[in-house]
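Asker: can you look at this prediction? I've put the sequence above it.
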Amino acid sequence: MTASGAVPPAFADVGTDRAAAERERPGLLEELRADPSTRVLVVHGDRVPTMDGPRLRLVAPTEAPDAAAWAFLGRDGRAGVLTAVLAADEPAPDLGAGVWSAVRRIGGELSVAEAGLAVEALSLGRWLLEAPFCPACGTRTVIAHAGWSRHCPACGREHFPRTDPAVIVAVTSADEPARLLLGSNAAWEAGRYSCFAGFVEAGESLEAAVVREVAEEAGVDVVDVRYRGSQAWPYPRSLMLGFHAAARADEDARADGEEIVEIRWFTRDEIGEAFAGRGDVTLPGTASIAYRLIRDWYEGAA
């Protein structure tokens, strides 16, 4: 597969230096938490503290909640960067200036480095909070490798953050490339449309998943499947792999009636109106790779 398109999706480029070799050092978290030059990104649910711009607001270790789940994110120059993670149902800590912002809302507006840091913290933090027990024997595990693994003291297994691959596809017409097929999910508000997506099944290639998912959700057989790029998407723990493809027969298009309740062919003018916020159609936000797939097509870069 070769990637198409020039502009990377959000959460796709290299962010902060993860300095992965340092995770092996015993006492790394304690050392960095005692260092006043260390910076901490606090995560509350799926929100992070931001200032105008937007830009992330990192704090000193003494300003972060002690009872949070802590992990090492990497290095910003010589300074260590940590995350301190709190569940959504816990009280949000008072960090002074700034506001709490959902990563999926502001991720596309952050700098490359800050977007990478935010998605790393949210992805790792969710695993730290949601997977405390060994899936093999049920014993509570012990955090190791500065937050990047869990050791089971009972059966000795090592567990690591899980990532689930999913494909997402922008479908054009094979006969009329100036038409784009999008779908509306049953869980969304009326008028919201996006690309077709789904998880890769066991024993399935990415290309096969693209063909299957579009056939299931939109009823069309796709050809000319081209890889676009990928992005981390911690909702809850996905790696989204984006593709462009073309429908072999436009007239076969139909919604599955369960997950996708409506599908629609769009013209460039209609997509342009939606990007401008005019009309009754809502498109994905800038943090989503779906936005980039649709924007590629709209700008003729697909």
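Answerer: Looks like it came in fine.
Asker: so residue 172 sits against residue 302, correct?
Answerer: Yes. With contacts defined as Cβ atoms under 8 Å, residue 172 counts as touching residue 302 at a distance of 7.1 Å. Using the backbone N, CA and C atoms, a C-beta is placed for each residue, glycine as well.
Asker: overlap in contacts of the two?
Answerer: When contacts are counted by Cβ atoms under 8 Å, 6 or more residues apart in numbering, residue 172 and residue 302 have residue 244 as shared neighbours.
Asker: show me where the stretch 1-150 of the chain has its strands.
Answerer: For the stretch 1-150 of the chain, the strands defined by DSSP state E, counting those that start in this stretch occupy 39-44, 47-51, 55-56, 69-76, 79-86, 99-102, 142-144, 149-151.
Asker: report all helices and strands that the shortest one contacts.
Answerer: Taking 3 or more Cβ pairs under 8 Å, 6 or more residues apart in numbering; DSSP states H and E as the contact definition, the neighbouring helices and strands of strand 55-56 are strand 47-51, helix 112-130.
Asker: reformat the ones you listed as TSV; add mean pLDDT and mean neighbour count.
Answerer: Formatted as TSV, the helices and strands packed on strand 55-56 follow (pLDDT from 0 to 100; neighbours: other Cβ atoms under 10 Å):
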stretch	mean pLDDT	mean neighbour count
strand 47-51	97	21
helix 112-130	95	22
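Asker: pick the most buried one from the strands of the stretch 1-150 of the chain.
Answerer: Burial of the strands of the stretch 1-150 of the chain is given as mean neighbour count (mean count of other Cβ atoms under 10 Å); strand 39-44 ranks first at a mean of 24.
Asker: centre of the chain to that strand, how far?
Answerer: For strand 39-44, the gap between its own C-alpha mean and the chain's C-alpha mean amounts to 18 Å (Cα atoms, centre = their mean, to the nearest Å).
Asker: so this protein: which segments form each domain?
Answerer: With automatic domain parsing serving as the domain definition, the record reports that the chain contains domains spanning 1-130, 131-162, 164-298.
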